[in-house]
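Engineer: I would like to see how this sequence folds:
(one chain, ligands or ions: 2)
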Amino acid sequence: MLGSVVVGVGIAGSVRIRDLLAPLSSSAAEKLTVKGFVSRRTLPEQHGVQQISIEEALSRNDIQVAFVCTENSSHEEHIRQFLNAGKHVCVEYPMALSYSSAADLWDLAQQKGLVLHEEHIELFTPDYKQLKKDIAGKKLEEGSLHFTGGSLKPDFGFPSFSGIARLTWLVDLFGELTVKEATLVEDEERKYMKLTAHFLTKDQKPLTWVEERGVGMGRAKHIHLRFDSCTLTELPAGQREPVGLFMQDLVLFGRKLQGEVPTEELQAEQSRILHCLQLAENIQQFCQSTAA
Ligand SMILES: NC(=O)C1=CN([C@@H]2O[C@H](COP(=O)(O)OP(=O)(O)OC[C@H]3O[C@@H](n4cnc5c(N)ncnc54)[C@H](OP(=O)(O)O)[C@@H]3O)[C@@H](O)[C@H]2O)C=CC1
Ligand SMILES: C=CC1=C(C)/C(=C/c2[nH]c(/C=C3N=C(/C=C4\NC(=O)C(C)=C4C=C)C(C)=C\3CCC(=O)O)c(CCC(=O)O)c2C)NC1=O
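Structural biologist: Ligands and ions are numbered 1, 2, ... in the order given. Got it, this is the predicted structure:
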């Protein structure tokens, strides 16, 4: 068994505590137990789990794993602290707010012989799984993905990083991309923002990503994907699954801890994550150069 600590008790941290207390039976998630949680606030017990200090989490021998569930701007520092203390880390996406920080963190994990896992629940949603099946083997001519959602707190980072889940979809579906142009429109008073990024695929096909957030905007994704043989204008509705999204991620992390995930799969995943973070950084640079 591996003892774990959950760092940061927001939406994601609470789900992690809940899932660790009731892991999917007969899955690798059962190898994890939860020994405590860390929070910057003073909180009561969460489902019987006690708050502990970060110093205790870093030093206790019966804690081998940390779940970093805080806002994005603090991920890098937390990952570094826990890896340096010899703990495996599962971090909610994105692991860092720059490409070079992420690359350094992977190097540190490798040096220490520890698992560093970045959660990607967006790849487990039924709609995404169905979309991936539906377009398998089709040749993209052009496409767009338009996300809308409620406004985020500023410590979630530049929108190409906080929206990394959309980039992950595009890269997982269409392979490596090149950023051609990106713009950001912001209205701080209205807490509104719209990021538009234009990419080319390796086959030189155009893809557009729009990430739009504002107070009261509903979470939604719209696609327009034109292939050689057909055009998709709506996300397919996938079959709902009994296992929750964060639980599916926990099982994958558990399998990594057990050494059950093949090296090629780990490498492909790491390349995808780093490529997405590189794209996020390129987008940020485009936006900041046009803003100047
Ligand atoms: N929500 C989701 O569905 C998903 C979230 N993620 C990722 O998870 C991470 C955390 O996101 P999420 O949990 O949604 O963010 P939250 O805003 O809910 O929580 C972020 C942090 O804010 C602090 N916090 C939470 N509630 C309060 C409060 N009422 N008052 C003061 N502080 C509070 C907590 O830290 P502390 O306990 O130290 O105070 C918490 O860790 C991000 O990296 C995000 O990208 C990824 C996929 C899905
Ligand atoms: C109700 C308020 C609500 C909040 C505050 C919220 C926060 C939230 N949801 C996220 C992702 C996500 N959130 C969900 C789904 C949910 N997450 C949920 O908290 C709930 C109730 C669902 C409902 C199904 C999914 C599937 C993702 C992964 C990214 C995606 O596919 O859009 C993220 C990570 C950044 C991102 O990819 O957008 C945040 C911060 N989600 C919400 O729905």
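
Engineer: can you list the residues of the protein near ligand 1?
Structural biologist: Counting by CB under 6 Å from any ligand atom, the chain comes close to ligand 1 at 8-13, 39-41, 69-72, 92-93, 121. (Each C-beta comes from the backbone N, C-alpha and C, glycine too.)

Engineer: Need the buried ones from the residues you listed selected in PyMOL.
Structural biologist: Buried subset of those, written as a PyMOL selection, criterion 16 or more other CB atoms under 10 Å:
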select buried, resi 8+9+12+13+39+69+70+71+72+92+93+121
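
Engineer: Give me the subset of the residues of the chain next to ligand 1 that also touch ligand 2.
Structural biologist: Ile11, Ile121.

Engineer: Can you name the residues that contact the nearest residue to Lys129 once chain neighbours are set aside?
Structural biologist: Nearest residue to Lys129, sequence neighbours excluded (CB to CB, 6 or more residues apart in numbering): Gly238, at 5.3 Å. The neighbourhood of Gly238, defined by CB atoms under 8 Å, 6 or more residues apart in numbering, consists of Thr125, Pro126, Asp127, Tyr128, Lys129, Gln130, Leu131.

Engineer: and the fourth one, what does it touch?
Structural biologist: What that stands for is Tyr128. Contacts of Tyr128 (CB under 8 Å, 6+ apart): Glu122, Trp169, Gly238.

Engineer: give me the element it is part of.
Structural biologist: Using DSSP states H and E, the element containing Tyr128 is helix 126-135.

Engineer: following that helix, which helix or strand comes up?
Structural biologist: That would be, after helix 126-135 and using DSSP H and E, strand 140-149.

Engineer: Provide the strand pairings for that next one, with the direction of each partner.
Structural biologist: Strand 140-149 pairs in its sheet with strand 206-213 (parallel), strand 220-227 (antiparallel), by DSSP bridges.

Engineer: which one of the contacts of Tyr128 sits closest to Gln284?
Structural biologist: Trp169 (18.8 Å; CB to CB).

Engineer: before we move on, back to that, how about the residue nearest to Lys129, secondary structure?
Structural biologist: coil (DSSP: H, G, I helix; E, B strand; the rest coil).

Engineer: Pop out the phi and psi values for it.
Structural biologist: Recorded main-chain torsions at Gly238 are phi -80, psi 170, according to degrees, to the nearest 10.

Engineer: What are the boundaries of the strands in the stretch 151-292 of the chain?
Structural biologist: 177-187, 192-201, 206-213, 220-227, 231-232 (DSSP state E, counting those that start in this stretch).

Engineer: In a markdown table, list those along with mean neighbour count and mean pLDDT.
Structural biologist: Shown next, in a markdown table, are the strands of the stretch 151-292 of the chain (neighbours: other CB atoms under 10 Å; pLDDT from 0 to 100):
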| stretch | mean neighbour count | mean pLDDT |
| --- | --- | --- |
| strand 177-187 | 16 | 97 |
| strand 192-201 | 19 | 98 |
| strand 206-213 | 19 | 98 |
| strand 220-227 | 16 | 98 |
| strand 231-232 | 14 | 98 |
